[in-house]
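Undergrad: Have a look at this prediction, sequence included:
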Amino acid sequence: MKHTLKHALVASITLGLASADALAQDAKGAPDVLIGKYGKSPEQCRSYHRKSDNMESITKTHYTFCGGAACEAEIVSHRKTKDGYVLRLTSRGNPDGWTTTFRQIDENIFEQPSKGRAPETLVRCTIKDAIAGIGREADGSQAVTQSINVIYSAFYAQAVPSACPDLRADQAEIKKLILVGEVAWAEHLVKYKLANARQTLREQVRQSLESTKKGAEYGVRSDAKEISDFCSHVLNAFGSDGSVIPNLITDPRKKA
């Protein structure tokens, strides 16, 4: 009986050691808990699906740490640590590979330690950040004038029915906003001597408006694809109490 118990105890200890050793082994690719898109702050995460500059992205197989062509590495494997994960990476420029550590601070917050520098904080972007960007340029906080922000939002509202056919845009009010923004943008170009000598002021303003309109139309398509209940959320941005510009979008199905 004692002999049997001894063997059972040895087997149990051996199994436990094997399990612990297995946990320490590198596993292929990235861990599921790290997969996502990251910014340095919640503000940077806004409209994360519409931008790549200053963003980081982790998939099962790749780690992208900036918007350039040489900013992607293949994730060979990962190892669990007591407070996070170590990724083993390789790239075309560094085939021998290297490792980088992610220390988990909270569910959606990680720190990336670096020798000789303070740890870099990474915030995982969530669907709330996508919703917060409805009607706004992805990098609107960096826009040179408020007039371009307004023009973008107006063109965005104008394009909403293409994704939400049950909603109606106030075309007359939108055209007024675009005209006011157009005049303000032209004045800005003149005031700060930004007009291109090879173009007339009118041509330059027209090109700016065309580019902004294309960006806004792309924003609607991208947001509608990313946000499952987009047509409801867009009313929070442009409806009667809209947080971006109120009273540009209505739902005719709802009585006043």
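TA: Alright, I've got the coordinates.
Undergrad: contacts and neighbour counts: CA atoms only from here.
TA: Fine.
Undergrad: Return the residues in contact with Leu201.
TA: Ala186, Ala195 (C-alpha atoms under 8 Å, 6 or more residues apart in numbering).
Undergrad: Distance-wise, check Thr121 relative to Phe110.
TA: Look at Thr121 and Phe110: by C-alpha to C-alpha, to the nearest Å, they are 6 Å apart.
Undergrad: ranges for the helices of this protein?
TA: 2-24, 42-45, 127-132, 146-163, 171-191, 201-226, 230-238 (DSSP state H).
Undergrad: Out of those helices, indicate the one that is most buried.
TA: Comparing the helices of the chain by mean neighbour count (mean count of other C-alpha atoms under 10 Å), helix 146-163 ranks first with a mean of 23.
Undergrad: So what touches it?
TA: 135-137, 140, 143, 167-171, 174-175, 177-178, 180-182, 184-185, 209, 212-213, 215-217, 219-221, 224, 231, 238, 244-245, 248-249.
Undergrad: For Met55, which non-adjacent residue is closest in space?
TA: The shortest distance from Met55 to any non-neighbouring residue, by C-alpha to C-alpha, 6 or more residues apart in numbering, is to Gly39 (5.1 Å).
Undergrad: Am I right that that neighbour is in contact with His49?
TA: No. Between Gly39 and His49 there is no contact under C-alpha atoms under 8 Å: 11.3 Å.
Undergrad: which one is His49 nearest to, not counting chain neighbours?
TA: Ala130 (7.1 Å).
Undergrad: Then Asp96?
TA: Per C-alpha to C-alpha, 6+ apart, closest to Asp96 is Thr90, 6.5 Å.
Undergrad: Let's see the pLDDT reported for the residue positioned nearest the centre of the chain.
TA: By C-alpha atoms, centre = their mean, the mean C-alpha position of the chain lies nearest to Tyr48, the distance being 1.1 Å. At Tyr48, the pLDDT value in this model is 96.
Undergrad: I'd assumed Ile127 was in contact with it.
TA: No. In this structure, Tyr48 is not within contact of Ile127 by C-alpha under 8 Å, at 9.1 Å.
Undergrad: If anything else comes up later, I'll come back, but that's it for now.
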